[in-house]
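Participant: after the sequence you'll find the predicted model.
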Number of protein chains: 2
Amino acid sequence: MTNGGCTVWLTGLPSSGKTTIAEHLRRRLEADGRAVELLDGDEIRKYFSAGVGFSREDRTLHLQRVAHLCALLTKHGVAVIASFVSPYRENRDYVRRLIGERFLEVYVDTSLEECIRRDVKGLYKKAIAGEVRQFTGISDPYEPPFNPEVVVKTLDEPADAAAQRILETMDGRRLVSE
Amino acid sequence: MTNGGCTVWLTGLPSSGKTTIAEHLRRRLEADGRAVELLDGDEIRKYFSAGVGFSREDRTLHLQRVAHLCALLTKHGVAVIASFVSPYRENRDYVRRLIGERFLEVYVDTSLEECIRRDVKGLYKKAIAGEVRQFTGISDPYEPPFNPEVVVKTLDEPADAAAQRILETMDGRRLVSE
């Protein structure tokens, strides 16, 4: 029943470029005829964690749900692309333990300065002004992965090249079938 | 990508026999080589709604999460068997709307007297004694479906025959492929 299912977990600061890489990866996998599901932070919160906040406990609660969702889809052969700030190591390690060998962690490593410059959703501005609380990078910590399978430096590598490199890593670990 | 995915939703009072029918149906679908996922009330609560209670609002919140989980799995070709008391019509109709033609509602219609007699988990006894609150059938309402695809009277039909009949209904609606 398990036929190429996996979870590619993108972690990084807000505006680091996770979504762009995720979209490129999605398109490539779909072009190969793979079953793909892109789970993006905000959307998934709406469906699975409405009212859950951004304290360490709340983030943990939310990401544990996401972890079980990823595990179910992975079990049934879906290539899951999970794009979440997921600032705490223990939360990401929870997903890794749950999914095992079919889990791949991608650290989207963009400097805080660059993320503030991009500020895709205008939230850094609000966080710096104190209008948004518990904002990762400004008023909340981010713990970089110790040993991610892939590191993307978005200032040095275009998103499509990063997606290609992730795909090669998946391939090398036999996570891409068909 | 969609290849026979569907959601078979079993609703009925606690101890009505949902789990037994669900297990029979699972075994038959697995024997046919189908990708199957059985989502059972208690287990799913633990993963997706820890701390969520049994008020109308809380049940609604929980079942909306379950609905989106079913929709994602259905989309990727999984035959989902969802076994939930799900006492409110509006909650079940939410899943139906979300999943559309690939949704099939099975009403496990066992009389309250018989459910109390079976009392699989000993919860009716506690509910009648006032030790468990908001218990469907005793201190909380159950709204039977108006127009379910399948009705099972468990006193008149063994669980394996009911599973067979559900399978035939799925087949008739072309929800079983391969």
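Facilitator: It's in.
Participant: going forward, measure contacts and count neighbours with C-alpha atoms only.
Facilitator: Will do.
Participant: how close does residue A:84 get to residue A:17?
Facilitator: For residue A:84, the distance to residue A:17 (Cα to Cα, to the nearest Å) stands at 11 Å.
Participant: now do the helices in chain A.
Facilitator: Secondary structure of chain A by DSSP state H: the helices cover A:18-31, A:41-48, A:56-75, A:89-99, A:112-118, A:123-128, A:159-172.
Participant: which residues are contacting the first one?
Facilitator: By that I understand helix A:18-31. In this structure, residues lying in contact with helix A:18-31 by Cα atoms under 8 Å, 6 or more residues apart in numbering or on different chains are A:10-12, A:35-38, A:40, A:81-84, A:108, A:159-160, A:162-164, A:166-167.
Participant: what about residue A:12, neighbour count?
Facilitator: Using other Cα atoms under 10 Å in any protein chain shown, residue A:12 has 27 neighbouring residues.
Participant: quick one, what contacts it?
Facilitator: Applying Cα under 8 Å, 6+ apart to residue A:12 gives the contacts A:18, A:84-87, A:107-110, A:142, A:144.
Participant: got TSV for these, with pLDDT, distance to residue B:150 and neighbour count too?
Facilitator: As requested, the contacts of residue A:12 are exported to TSV (pLDDT from 0 to 100; distance: Cα to Cα, whole Å; neighbours: other Cα atoms under 10 Å in any protein chain shown):
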residue	pLDDT	distance to residue B:150	neighbour count
A:18	97	45	27
A:84	97	40	22
A:85	97	44	22
A:86	97	43	24
A:87	97	46	23
A:107	98	49	24
A:108	98	49	24
A:109	98	53	19
A:110	98	54	21
A:142	98	51	18
A:144	97	52	17
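Participant: closest to residue A:150 out of those?
Facilitator: residue A:107 (6.3 Å; Cα to Cα).
Participant: just to check, the closest one is in contact with residue A:147?
Facilitator: No. With contact defined as Cα atoms under 8 Å, residue A:107 does not reach residue A:147; the gap is 9.2 Å.
Participant: phi, psi of residue A:132?
Facilitator: The phi/psi pair for residue A:132 (degrees, to the nearest 10) reads phi -120, psi 130.
Participant: any idea how far chain B is from the residue nearest to it when sequence neighbours are not counted?
Facilitator: Distances taken as Cα to Cα, 6 or more residues apart in numbering or on different chains put residue A:126 closest to residue A:132, at 5.5 Å, once the chain neighbours are dropped. Separation of residue A:126 from chain B (Cα to the nearest Cα, to the nearest Å): 30 Å.
Participant: with residue A:169 instead?
Facilitator: 24 Å.
Participant: contacting residues for that residue?
Facilitator: Contacts of residue A:169 by Cα under 8 Å, 6+ apart are A:149-150.
Participant: now with 6 Å, please.
Facilitator: Listed by Cα atoms under 6 Å, 6 or more residues apart in numbering or on different chains, residue A:169 has no contact partners.
Participant: what does chain A put close to chain B?
Facilitator: A:48, A:65 (Cα under 6 Å from any Cα of the partner chain).
Participant: at 8 Å instead, please
Facilitator: Applying Cα under 8 Å from any Cα of the partner chain, one finds that chain A approaches chain B through A:1, A:35, A:47-48, A:64-65, A:68-69, A:73, A:76, A:78.
Participant: check pLDDT for these and point me to the minimum.
Facilitator: Sorting the residues of chain A next to chain B by pLDDT puts residue A:1 at the bottom of the list (36).
Participant: could you give the number of residues near the closest residue in space to residue A:36 that isn't next to it in sequence?
Facilitator: Counting by Cα to Cα, 6+ apart, residue A:36 lies nearest to residue A:79, which is 4.7 Å off, once chain neighbours are set aside. Neighbour count of residue A:79, defined by other Cα under 10 Å: 27.
Participant: tell me the contacts of residue A:79?
Facilitator: A:4-8, A:34-37, A:73.
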